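> task: produce atomic coordinates for the following.
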Amino acid sequence: MAQRSSATDNTIEWDTIDWRNSESKNIILNDLRTGVLPLDENEASAEEAWEHYRHLPAFQGEGVQFEQFKKRLADHREQIGGRIERAMFDGAAVAHDRMKHPYPTHNQHGKPNFHLSPAEELLRQDISNNRPVGLLPSQLQSTRDEYKVFKPRKFKELIYQTIRHIKFRNFIEERKNEMPFDYRPWP
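Modelled structure (predicted):
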């Protein structure tokens, strides 16, 4: 760590790291977004957080100093807090609009919307329980009255769509749980 002296007040300032491209920044932002590191200073002060983060390889390798960490942590808490407030405001606005203009149960052709019908959840349960294995889509459709609302060709597409949706959600769950190392200070 190089040091430089200030010509005006004879104090020594330590060079700070490039925070914009720092892995340390990404770790802090991720922990604030996921709630691992509390947004409120009273729940976990900068000093308490520093005691954990300073031992991480990213922080040691980059040479992060406490003063820079403290300033950036305060900035990031404000930044993430603002994003959460805006997201809550947007969510309330959407809920308000949906109350005034509920999502239609039928499309413009007068056919029922699958994702609002009871058939959607039943089909997900059937697929999760491997019920359609060995059945043709038309045979599966004849097993429940809720499925008979849809035309056979459309129902076949809905089966494949539901399978892709389940696979995608499983993929996202697996990716979410993959972490290179555990750096969470709080349970």
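> buried ones in the lengthiest helix in the chain?
Of all the segments of type helix in the chain, defined by DSSP state H, the longest one is helix 66-100. Buried residues in helix 66-100, counted by 16 or more other C-beta atoms under 10 Å: 68, 69, 72, 73, 76, 77, 80. Every residue, glycine included, has its C-beta placed from N, CA and C.
> could you say which helix or strand contains the residue lying closest to the last one once chain neighbours are set aside?
Meaning residue 80. Of all residues not flanking residue 80 in the chain, residue 32 sits nearest, at 4.4 Å (C-beta to C-beta, 6 or more residues apart in numbering). According to DSSP states H and E, residue 32 maps onto helix 23-34.
> elements contacting that helix?
Other elements packing on helix 23-34 under the criterion 3 or more C-beta pairs under 8 Å, 6 or more residues apart in numbering; DSSP states H and E are helix 46-53, helix 57-62, helix 66-100.
> for the residue nearest to the spatial centre of the chain, give its distance to residue 73.
The centre of the chain sits closest to residue 34, judged by C-alpha atoms, centre = their mean, with a distance of 7.5 Å. As judged by C-beta to C-beta, to the nearest Å, residue 34 and residue 73 stand 15 Å apart.
> residues contacting residue 58?
Going by C-beta atoms under 8 Å, 6 or more residues apart in numbering, residue 58 touches 22, 23, 24, 27.
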